[in-house]
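J.: mind folding the following:
(chains A and B)
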Amino acid sequence: GESVGLHLPTLSVQEGDNSIINCAYSNSASDYFIWYKQESGKGPQFIIDIRSNMDKRQGQRVTVLLNKTVKHLSLQIAATQPGDSAVYFCAENISGGYNKLIFGAGTRLAVHP
Amino acid sequence: ETGVTQSPTHLIKTRGQQVTLRCSSQSGHNTVSWYQQALGQGPQFIFQYYREEENGRGNFPPRFSGLQFPNYSSELNVNALELDDSALYLCASSLGMERDYKKQFFGPGTRLTVL
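T.: Numbering: from 1, shown residues only, chains lettered A, B, ... in the order given. As a prediction, this is how the structure comes out:
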């Protein structure tokens, strides 16, 4: 079913460390995935995307890994900075349907100096 | 390149009233989707407009309706407001049936409070 997250898990990291944020997606028919960053009071900001025919994609300081066998997605942030503090959402799009995104519950990333 | 814009930023209404929220899509994008985000939750899909037609709808009642205009801007209308309609309303635009059409870019949202 669609995700409803009442309790937001928090990942606390030290500045400069690498962060790994995990996401379990719901539908095996999903063929496209996006990670968004949302700061307080703002809309979600696109970070990186990946199609289901890939298992890894890299951007600037970020890497997304996709494991279709266990329906798992992760976002790795290298050298985490205070500006990375935000809530991170994964979203999936189901193949063959219209362009609807189904969002995960979100993870709060707190970066400490 | 102009990003997605939404208006107003904040809005306070009372139960039973009606509200209209507005969205201008990112330059070159012809598809607009609306999402509702309750506090502490991920966005929930309301509906999508492509070429001025509703292209898909989530699990929201008919009192949630929308429009898309020839310039691809869009409106979300909510009638008979209920307290549970209090949320951040997000608009996202994408390239329709073009390559990368699934990549959606969000606006800053409209914070609606229903009293």
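
J.: residue A:15 against residue A:85, yeah?
T.: No: using Cβ atoms under 8 Å, residue A:15 is not in contact with residue A:85, being 9.9 Å away. Backbone N, C-alpha and C define where each C-beta goes, glycine included.

J.: among those two, which residue is more densely surrounded?
T.: Taking other Cβ atoms under 10 Å in any protein chain shown, residue A:15 and residue A:85 do not tie; residue A:85 has more neighbours (18 against 13).

J.: gap between that one and residue A:60?
T.: Taking Cβ to Cβ, to the nearest Å as the criterion, residue A:85 is separated from residue A:60 by 18 Å.

J.: middle-most residue in chain B, spatially?
T.: residue B:34 (2.9 Å; Cα atoms, centre = their mean).

J.: circling back: find residues that contact each of residue A:15 and residue A:85.
T.: Common contacts of residue A:15 and residue A:85, defined by Cβ atoms under 8 Å, 6 or more residues apart in numbering or on different chains, comprise residue A:111.

J.: check residue 111 and give its pLDDT.
T.: With no chain named, the answer covers chain A. Residue A:111 is assigned a predicted lDDT (pLDDT) of 96.

J.: that's the other chain; I wanted chain B
T.: The predicted local confidence for residue B:111 is 97.

J.: kindly report the same for residue B:4.
T.: 96.

J.: what about it, how many residues nearby?
T.: 22.

J.: pull the residues that contact the helix or strand of chain B with the lowest mean pLDDT.
T.: Ranked by mean pLDDT, DSSP states H and E, the helix or strand of chain B with the weakest confidence is strand B:53-57, at a mean of 90. For strand B:53-57, the surrounding residues in contact (Cβ under 8 Å, 6+ apart) are A:97, A:98, A:99, A:100, B:31, B:45, B:46, B:47, B:48, B:49, B:66, B:68.

J.: what segments of chain B are strands?
T.: For chain B, strands defined by DSSP state E occupy the ranges B:5-7, B:10-13, B:19-24, B:31-37, B:44-50, B:53-57, B:64-68, B:74-78, B:87-94, B:105-106, B:110-114.

J.: rank the ones you listed by pLDDT, which is bottom?
T.: Looking at these, the bottom one is strand B:53-57 with a mean of 90.

J.: neighbouring strands for that one, and are they parallel or not?
T.: Applying DSSP bridges, strand B:53-57 is found paired with strand B:44-50 (antiparallel).

J.: any idea of the angle the partner strand forms with strand B:64-68?
T.: 30 degrees (axes from the mean of the first three to the mean of the last three Cα atoms, to 10 degrees).

J.: and strand B:44-50, C-alpha only, in CSV?
T.: What follows is strand B:44-50, C-alpha atoms only, in CSV (Å, rounded to 0.1, in the frame of the first residue of the first chain):
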residue,chain,number,x,y,z
GLN,B,44,0.3,11.9,-1.1
PHE,B,45,-0.7,12.1,-4.8
ILE,B,46,-4.0,13.9,-5.4
PHE,B,47,-4.1,14.1,-9.2
GLN,B,48,-2.2,15.0,-12.4
TYR,B,49,-3.0,17.1,-15.4
TYR,B,50,-1.5,16.7,-18.9
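
J.: pull the number of nearby residues for residue B:9.
T.: 10.

J.: which residues touch the nearest residue to residue B:89 once chain neighbours are set aside?
T.: Nearest residue to residue B:89, sequence neighbours excluded (Cβ to Cβ, 6 or more residues apart in numbering or on different chains): residue B:110, at 4.8 Å. Residues near residue B:110 by Cβ under 8 Å, 6+ apart: B:6, B:7, B:8, B:9, B:10, B:11, B:21, B:88, B:89.
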